[in-house]
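*Asks:* Kindly generate the corresponding structure for this input.
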Amino acid sequence: MKFSYFNILLFSIPLNILINDQRNHKSTTHHTLKIPITRLLCECELYSPDNYDNDAEMKRVMQQFEDRTSQRFHEYDERMQSKRMQCKDRCDKEIQKIILKDKIEKELSQHLSTLETNIDTNDIPTCVCEKSLADKVEKGCLRCGYGLGTVAPTVGLIGAVAVNELKKAAMAIAIKDAIAEGLVAGETARIQASIKAVILGIKSKFRIDTLGGEVLESIITAQKYDDVSLISESIYMQYQSTCLPQYVGHGADLSKPICHTVYTLDFVQGKVHVPGSLQGSIKKALEKIVAEAKSNAVSETANVTTRQTAVFESRNIAAVDATYASYQTAIVASVVAILVIVLVMLIIYLILRYRRKKKMKKKLQYIKLLKE
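*Replies:* Numbering: from 1, shown residues only. Reported below is the predicted structural model:
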């Protein structure tokens, strides 16, 4: 059995009166001060408006309750709005699908109703399907990647073989050029050695340092060192200007070295002055000097040729090796560039293929939806 607080309180009041009345009907009443009760809580007063309006704690509790309730209402409202939007979008899509399906069915029914039953095979038009740019790029990347992928190993193999053959040919040419340059260097050394030997021979044989007022080094050059007639004529003119007297009747001045040397040559008959024999003896002596100079220069030519040929050969071979290394680097770089291009095209092809498959999957789903 259930009792409310209000009934319990009502029952306690008469019970209290009854007890006090039986206990104190013969006793004297004591006059004592009654302590006032500041607040009496009972069920009737709990719901009174004064307790709600005047109690600060109750106001705070009510304010917290109101704030939390309003916050929960706002959250609920936001969730409901998002759900309404989702439901609205889904409903719009379904409505569009239904409308599109009805439209396609209507158009198909119209086209099928207008078709003729007696159709000849020749009347059927040929359909040329134009491919999209993505399909063209996909096939182009596939072809280029296939072509370049097959070309890259071929370039590496054939390029290496071709470079090796070119290196062999370049080595042969480098050695040949080195030999030619060595011969040229040897010939130059031979000429220079012959010039030095002829100058030393003239100085030691005829005891002169100049001809016609010029030093022998400026007269005996690479073009004139073996010209016996020219040099002998110059020596004879030097002899005439230096040794022969200016006045008739006087003999040669033998105090000067050139005069004594020329006058005492083996080809001069005694001390009798014969101009033709004197000039010929000078020429023969000079021919002997030139011949000895050329024979002595042969050994120097061989040494210089061998030495310079080795130098030129090593230099040319180093140049060929450097060029070959640069070609090898270029071939490797070309192969790497081709492989990078193939990789990029393959990536593009895979991306476009994935997109095409995704579109086809969507089309199949749409067709399946239309069938349903």
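*Asks:* Count the residues that sit near residue 285.
*Replies:* The tally of other residues near residue 285 (other Cβ atoms under 10 Å) stands at 21. Using the backbone N, CA and C atoms, a C-beta is placed for each residue, glycine as well.
*Asks:* tell me the average confidence for stretch 61-76?
*Replies:* Average pLDDT, stretch 61-76: 87.
*Asks:* Could you point out which residue ranges in this protein have low pLDDT?
*Replies:* Counting by pLDDT under 70, the ranges of the chain that qualify are 1-53, 111-164, 244-257, 260, 262-277, 372.
*Asks:* what's the longest helix anywhere in the chain packed up against?
*Replies:* The residue-count maximum for a helix in the chain (DSSP state H) belongs to helix 275-371. Under the contact definition 3 or more Cβ pairs under 8 Å, 6 or more residues apart in numbering; DSSP states H and E, helix 275-371 sits against helix 56-114, helix 133-206, helix 228-243, helix 257-263.
*Asks:* Counting by contacts, list what the third one packs against.
*Replies:* Other helices and strands packing on helix 228-243, by 3+ Cβ pairs under 8 Å, 6+ apart, are helix 133-206, strand 210-211, helix 257-263, helix 275-371.
*Asks:* which one of these lies closest to residue 222?
*Replies:* Smallest distance to residue 222 across the helices and strands packed on helix 228-243 (Cβ to Cβ): 5.0 Å, for helix 133-206.
*Asks:* Tell me, how many residues neighbour residue 342?
*Replies:* Close neighbours of residue 342, defined as other Cβ under 10 Å, add up to 20.
*Asks:* Verify the stated contact: residue 231 with residue 223.
*Replies:* No. The pair residue 231 / residue 223 is not scored as a contact, 12.0 Å apart, by Cβ atoms under 8 Å.
*Asks:* Please say which of these two ends up with more neighbours.
*Replies:* Counted by other Cβ under 10 Å, residue 231 and residue 223 do not tie: residue 231 has more neighbours, with 24 against 8.
*Asks:* residues near residue 329, how many?
*Replies:* Residue 329 sits with 10 neighbouring residues when counted by other Cβ under 10 Å.
*Asks:* From residue 200, how far out is the closest residue to residue 243 other than its chain neighbours?
*Replies:* Using Cβ to Cβ, 6 or more residues apart in numbering and skipping residues adjacent in sequence, the residue nearest residue 243 is residue 259, 3.5 Å away. Residue 259 sits 21 Å away from residue 200, going by Cβ to Cβ, to the nearest Å.
*Asks:* And those two? Which one has more around it.
*Replies:* Taking neighbours as other Cβ under 10 Å, residue 259 and residue 200 compare with residue 259 leading, 17 against 13.
*Asks:* hang on, isn't the more buried one packed against residue 240?
*Replies:* No. If you go by Cβ under 8 Å, residue 259 and residue 240 don't touch, sitting 10.3 Å apart.
*Asks:* among the helices and strands packed on helix 228-243, which is nearest residue 56?
*Replies:* Among the helices and strands packed on helix 228-243, the nearest to residue 56 by Cβ to Cβ is helix 275-371 (65.2 Å).
*Asks:* Am I right that residue 283 is in contact with residue 234?
*Replies:* No. Assessed by Cβ under 8 Å, residue 283 is found out of contact with residue 234, at 11.3 Å.
*Asks:* more neighbours, those two?
*Replies:* Using other Cβ under 10 Å, the more surrounded residue of residue 283 and residue 234 is residue 234, with 22 against 18.
*Asks:* how near is that one to residue 223?
*Replies:* As judged by Cβ to Cβ, residue 234 and residue 223 stand 14 Å apart.
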